[in-house]
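Peer 1: I'll drop the sequence and a predicted model, then ask my questions.
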Number of protein chains: 2
Amino acid sequence: MLSTSTRAGTLGDVATVTTRPYHHGNLRAALLEQAERTLAERGALSLRELARELGVSHAAPRRHFADKQALLDALTESGFDRLGRELDAAIAGAAADFTARLTSLACAYVDFATQRAALLELMFAAKERPDAAAGVRAAADRAFAAPLALFHEAQAVGEVVPGDPKRVATVAWACFQGLAAMANGGMLEAGSLDDVVADAVDRLVHGMRPR
Amino acid sequence: MLSTSTRAGTLGDVATVTTRPYHHGNLRAALLEQAERTLAERGALSLRELARELGVSHAAPRRHFADKQALLDALTESGFDRLGRELDAAIAGAAADFTARLTSLACAYVDFATQRAALLELMFAAKERPDAAAGVRAAADRAFAAPLALFHEAQAVGEVVPGDPKRVATVAWACFQGLAAMANGGMLEAGSLDDVVADAVDRLVHGMRPR
DNA sequence: ACCTGAACACCGTTCAAGT
DNA sequence: ACCTGAACACCGTTCAAGT
């Protein structure tokens, strides 16, 4: 029993390894794992369905999460962690110039937002409530640290208008968020989403007046 | 009975006028009216609750809407109609120059998006489904006709980069949509939302390189 | 400490039956 | 034509009881 629980995080699909792998063990981790998968596949979540899929009673999740919202909060926090890692990777994998880095960040964000639409919606809704867990806020701040630093550095070398970097970062990020929302809503002409994103970055950098 | 049904649309709150005002009458209109109110106030909707509030059985709505989604579709369509009217009013009430009109449009849109957050979410979700009603698509196109025309005219007088006006319109609108989502998610520093919007328009028009 | 089973108050949807 | 009432298969949450 201990051996299955130690493998759980890395291998996934713990439920099929033995006949009844937890009952006590790593239910908490299994719930989060299954919840994220279900959310990605079906876009909705039922606690009872989760319990059914993991072979525990519908009341069992209560031992690990006070209510459904508590599970969603945990999902949200790990979502920000993952987003932060992907944004960090995007900036590290791009050429050193500002536009290339911003484009890479934008593509990574829009990709995350479209691949995990339901999760991102949770992440937005989490901040909506005033009582959002402190851990969620911290993870969110950390996720957006790299983009903010990029704008700050670009200001330092005179490539971006001066002032609070959050002002210009907010506008850019709103644009990416909106593109993702429009893509998820099917309101974008077909074509490649990355092209639309690159177009948006060019417009953000240079404005829309003729040069 | 006929007299109450003719007054329904204009006065609202029909349910309190007589003891049992419909039972047959304008249930359909009353459902839509109440649904929009509930959605704005609580952000969620239950058909049974709606029926309860209107004093009909929980099965009665079925006569007017095949299922919950059909009611949401109707709400969505009237939402686009209303949005279209507000955008038209915004452009009519602004000074004649491009930036003033764009700022006015943006403020009107963000205002709509924050005042009726749940409705706008429905409007986005409606286009997500491939089987979105034709009426919904038409209402959506109509709502965004004025903004698109603004970009087209600005291109004609050389104030905006040439090309398909939808390209630049998409970027601008994504930005406004993202600002609204961030405002609804509580991710915007306090301050006036209109200031943030005006800042965004300025950035969109002039870009973020130092002038 | 962790989980179960029954219970409660809700859902959306269906359908025979009423007027 | 329009509405009701009972029924079905779901929810989330609570709580006494089991191990």
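Peer 2: Looks like it came in fine.
Peer 1: tell me how far the residue in chain A that DNA strand D sits nearest to lies from chain B.
Peer 2: Nearest to DNA strand D, among the residues of chain A, is A:Asp67, at 3.2 Å (CB to the nearest atom of the strand). C-beta here means a position set from N, CA and C on the backbone, and glycine is covered the same way. A:Asp67 sits 16 Å away from chain B, going by CB to the nearest CB, to the nearest Å.
Peer 1: give me the number of residues near that residue?
Peer 2: Per other CB atoms under 10 Å in any protein chain shown, the neighbour tally for A:Asp67 reads 11.
Peer 1: got the confidence number for it?
Peer 2: In this model, A:Asp67 is scored at 96, pLDDT.
Peer 1: show me the contacts for it.
Peer 2: When the contact criterion is CB atoms under 8 Å, 6 or more residues apart in numbering or on different chains, A:Asp67 has no partners at all.
Peer 1: and it, backbone torsions?
Peer 2: phi -160, psi -180 (degrees, to the nearest 10).
Peer 1: do the same with the one 4 residues further on
Peer 2: Main-chain dihedrals, A:Leu71, degrees, to the nearest 10: phi -70, psi -40.
Peer 1: my guess is it meets A:Arg63, correct?
Peer 2: No. With contact defined as CB atoms under 8 Å, A:Leu71 does not reach A:Arg63; the gap is 11.9 Å.
Peer 1: and chain A, which residues reach DNA strand D?
Peer 2: Within chain A, the positions lying close to DNA strand D (CB under 7 Å from any atom of the strand) are A:Leu45, A:Ser46, A:Leu47, A:Arg48, A:Glu49, A:His58, A:Ala59, A:Arg62, A:Ala66, A:Asp67, A:Lys68, A:Gln69.
Peer 1: tell me the one of these nearest DNA strand C?
Peer 2: A:Ala59 (3.1 Å).
Peer 1: so for the helix or strand harbouring A:Ala138, what gets flagged as buried?
Peer 2: A:Ala138 is part of helix A:134-143, with elements assigned from DSSP states H and E. By neighbour count on 16 or more other CB atoms under 10 Å in any protein chain shown, the buried set for helix A:134-143 is A:Val136, A:Ala139, A:Ala140, A:Arg142, A:Ala143.
Peer 1: next one: the residue nearest to A:Ala59 when sequence neighbours are not counted from A:Ala74, what distance?
Peer 2: Take A:Ala59 and drop its neighbours on the chain: the residue closest to it by CB to CB, 6 or more residues apart in numbering or on different chains is A:Ala51, 7.8 Å away. Remark: distance between A:Ala51 and A:Ala74 (CB to CB, to the nearest Å) = 16 Å.
Peer 1: verify the stated contact: the residue nearest to A:Ala59 with A:Pro61.
Peer 2: Yes. With contacts defined as CB under 8 Å, A:Ala51 counts as touching A:Pro61 at a distance of 5.7 Å.
Peer 1: identify the contacts common to those two.
Peer 2: By CB under 8 Å, 6+ apart, no residue touches both A:Ala51 and A:Pro61.
Peer 1: who has more neighbours out of those two?
Peer 2: More crowded of A:Ala51 and A:Pro61, by other CB under 10 Å: A:Pro61, with 23 against 19.
Peer 1: now do the same contact list for the more buried one.
Peer 2: A:Leu27, A:Leu31, A:Leu47, A:Leu50, A:Ala51, A:Leu71.
Peer 1: repeat that for A:Asp111.
Peer 2: Going by CB under 8 Å, 6+ apart, the list of residues near A:Asp111 reads A:Glu86.
Peer 1: after the one helix or strand it maps to, next one along is what?
Peer 2: A:Asp111 belongs to helix A:98-115 when assigned by DSSP H and E. Later in the chain than helix A:98-115, the nearest helix or strand by DSSP H and E is helix A:117-128.
Peer 1: distance from that next one to the middle of the chain?
Peer 2: 9 Å (CA atoms, centre = their mean, to the nearest Å).
Peer 1: in that helix, which residues are buried?
Peer 2: A:Ala117, A:Ala118, A:Leu119, A:Leu120, A:Glu121, A:Leu122, A:Met123, A:Phe124, A:Ala125, A:Ala126, A:Lys127.
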